[in-house]
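In: Make a model of this:
(chains A and B)
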Amino acid sequence: MSRVRGTEIFLLGSMVLVWNAAPAWAHAFGARYDLPLPLGFYLSGAGAVVALTFVIMAVFASDTSRSGNDYGTDLTRTAVGAVLLNRYLRGFLGMIGVLLFVLIVATGALGVQSPIKNFAPTMVWVIWWVGLAFFVAMIGNIWPALNPWNTLFSWASRFLPHMGQARYPSALGVWPSVVLFVIFAWLELVWERGDMPGNLVCLIAAYSALTWTGMAVFGRQVWLSSGEVFNQAFGLLGRFAPLAVVDQKRSVPRLVLRPYGAGLLPSAPVHSSMRFFVIVMLSTVTFDGFVETPLWTGFLDWLVRDQTVRPFLLWLQGHGFDLLAVVKTIALLAFPCLFLGVYLGFCAVSIALAGPAVSFRDFTNTLILSLVPIAIAYHVSHYLSYLMLAGQLIIPLSSDPFGWGWDLIGTAGYTMDITVINAKTVWYTAVVAIVLGHVLAVWIAHVQAVSLYRNKSRALRSQAPMLVLMVLYTMISLWILSQPIIEG
Amino acid sequence: MAFAVLLYAVAAHAEGGKAFHFRIVAGHLKEGPAVVRVSEGETVSLIWSSDQATRIHLHGYNLLVDVGPGGAVEMNVLAKATGRFPVSLHDAKGDGHANKPLTYLEVHPK
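Out: This is a model prediction of the structure:
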């Protein structure tokens, strides 16, 4: 989470513009202590990205490409498969999910109303949202098994067998999830008061009501794959992961081990709404880092000094609007539009170069997934030390979840160890992750293009603009990491 | 002149470690670097003076010092953890941070 808050007071004649003040707790919960990536790391990373892009192109030019389905190893009949596909394990994970859900709601509603002395905010924002995202992308998607909304609804539906009869309009795709993700991102990155336990419980209650209504109207599985936003988000991250449970609609699910990113090679173009969902996720990840850079604070400074914008800002402030929230909201909404515009522009050039054998819609709805590894690599680099530091808060909170002075497992007195991860480790991890993410993206885009065009020279021609786009996106990620984090 | 003498004295006191002086007037930083850069393992002294009673917090390391009109107060840090740590004022009511950070302590890896 970003924590760009603080007071900036600008005297403009007799009028004063104020960015909002930091709340009392802003320092403790969302604090990030990352050093900027040094110039040497930045340049080596950037050089490796450009060099490897050309190397991969040269390799692909002489390679007869395989389709995406050729990359998996079936582990179903191995010991690993027997353990991970065991339905008791799934039942156990479901129970864990429900227990944590109940604990989050109970501590949030009844416990001390402090972001760091209450179990709920750390569990939700650090362990679940950041930590589970790491696990899902790096190992495999366990959210379908953990999902408490799914488990609780499936328990309840045994007693209410006639629900979920309405037909879901297929044209709607995952649009409900797109809208919900934008709202979620706004709550996390702009509103930021979701760190208060009571607010968190209200948000959970509202989302639970919505999710269970959706499941009751359209059916549990239908709503999971269209309106349960976290199922789409973790599902997308899980496509990057090496372990996956596939063919869940068959009676016997299979466990597959595959290279990182292979799950992003689609058998068919995704729904247009899914393309937009991916764009929203990618742009949000970038927005999160961007609003901590000096460039953003410089932009805010410029904004309040600019003569044309000033009267409008003063009017907003006069009507009780929080200026920083307004500006961040506009930026949060502008980012996906900008990303989509740039992406579609590059796709148009690709198609123009490769010839009209593939429709614009199929091309854009296929290649979009190739950008996901770049976003995951950046996300891991951006949040690694945050997870290692803020994640430690869960140790004392496990002993005293309500903040009532308990010491259940003897860890209530634990204090955060800030030496747990060295900046050098973070820098090396970041550069390696970003270079590897870029290489995977280039590889995926190439395989996708070959499967779309079924003609190597056309596929290669379609790739040139995509490569430029990917280098651009990777460079933006590296650049953000090289910027000092500004807190207000 | 007195300021220079004080700085010298403190620097000597820190036994080869670095010392930086900050002066706060009416809750705002009037003197002192915007970023303090040190290497991992070094000892650093942040010396604070303020015209009003206030509390200064070095985040991450979680060090607090109370400073007021009585004179300068030292915040001694053994920089064992790398990172970029904000230093900010606590307001009178408790742990609130109504202002943006006064400075940042950057501890760079060896």
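
In: okay, CA-based contacts and neighbour counts for the rest of this
Out: OK.

In: pLDDT weak spots in chain A?
Out: A:1-30, A:61-70, A:248-251, A:266, A:487-488 (pLDDT under 70).

In: Give me the residue at the spatial middle of it.
Out: With distances taken as C-alpha atoms, centre = their mean, residue A:281 lies nearest the centre of chain A, 5.5 Å away.

In: And the helix or strand harbouring that residue, what does it pack against?
Out: In this structure, residue A:281 sits in helix A:272-290 according to DSSP states H and E. Judged by 3 or more C-alpha pairs under 8 Å, 6 or more residues apart in numbering or on different chains; DSSP states H and E, the packing partners of helix A:272-290 are helix A:175-186, helix A:323-354, helix A:360-367, helix A:372-390, helix A:456-481.

In: Can you point out the buried residues in the helix or strand that that helix is followed by?
Out: Using DSSP H and E, the next helix or strand after helix A:272-290 towards the C-terminus is helix A:294-305. Buried residues in helix A:294-305, counted by 16 or more other C-alpha atoms under 10 Å in any protein chain shown: A:294, A:297, A:300, A:304.

In: Next, the angle from helix A:294-305 to helix A:272-290.
Out: If you take axes from the mean of the first three to the mean of the last three C-alpha atoms, to 10 degrees, helix A:294-305 sits at 90 degrees to helix A:272-290.

In: Which other helices and strands does helix A:294-305 contact?
Out: Under the contact criterion of 3+ C-alpha pairs under 8 Å, 6+ apart, helix A:294-305 touches helix A:310-318.

In: Please work out the angle formed by the directions of the helix it packs on and helix A:294-305.
Out: Between the axes of helix A:310-318 and helix A:294-305, defined by the same axes, to 10 degrees, the angle is 90 degrees.

In: by contact count, what packs against helix A:310-318?
Out: Against helix A:310-318 (3+ C-alpha pairs under 8 Å, 6+ apart) you get strand A:15-18, helix A:294-305, helix A:323-354.

In: If we use 7 Å, what do you get?
Out: When contacts are defined as 3 or more C-alpha pairs under 7 Å, 6 or more residues apart in numbering or on different chains; DSSP states H and E, helix A:310-318 packs onto no helix or strand at all.

In: Secondary structure element holding the most centrally placed residue in chain B?
Out: Nearest to the geometric centre of chain B sits residue B:46, at 3.5 Å (C-alpha atoms, centre = their mean). Using DSSP H and E, residue B:46 sits in strand B:43-50.

In: how's chain A carved up into domains?
Out: A:1-70+A:279-488, A:73-257 (automatic domain parsing).

In: What separates the first and last residues of stretch A:311-324, distance-wise?
Out: For stretch A:311-324, the first and last residues are 15 Å from each other (C-alpha to C-alpha, to the nearest Å).

In: in it, what's buried?
Out: Quick answer for stretch A:311-324 (16+ other C-alpha under 10 Å): A:313, A:314, A:317, A:322, A:323, A:324.

In: which residue sits closest to the first one in space, ignoring its chain neighbours?
Out: With C-alpha to C-alpha, 6 or more residues apart in numbering or on different chains as the criterion, residue A:313 has its nearest non-adjacent residue at 7.1 Å, and that residue is residue A:323.

In: Convert the C-alpha atoms of stretch B:38-45 to CSV, please.
Out: Taking Å, rounded to 0.1, in the frame of the first residue of the first chain, the C-alpha atoms of stretch B:38-45 are listed here in CSV:
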residue,chain,number,x,y,z
VAL,B,38,25.5,6.5,6.2
SER,B,39,26.8,3.0,5.7
GLU,B,40,25.6,-0.2,7.4
GLY,B,41,27.4,-0.7,10.7
GLU,B,42,28.3,3.0,11.2
THR,B,43,27.3,5.0,14.3
VAL,B,44,25.5,8.2,13.6
SER,B,45,24.4,11.0,15.9
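
In: lowest confidence element among the helices and strands of chain B?
Out: helix B:2-13 (a mean of 48; mean pLDDT, DSSP states H and E).

In: continuing past that helix, what's the next helix or strand?
Out: Downstream of helix B:2-13, the next assigned helix or strand under DSSP H and E is strand B:18-25.

In: okay, the angle between that next one and strand B:43-50?
Out: Interaxial angle, strand B:18-25 versus strand B:43-50 (the same axes, to 10 degrees): 20 degrees.
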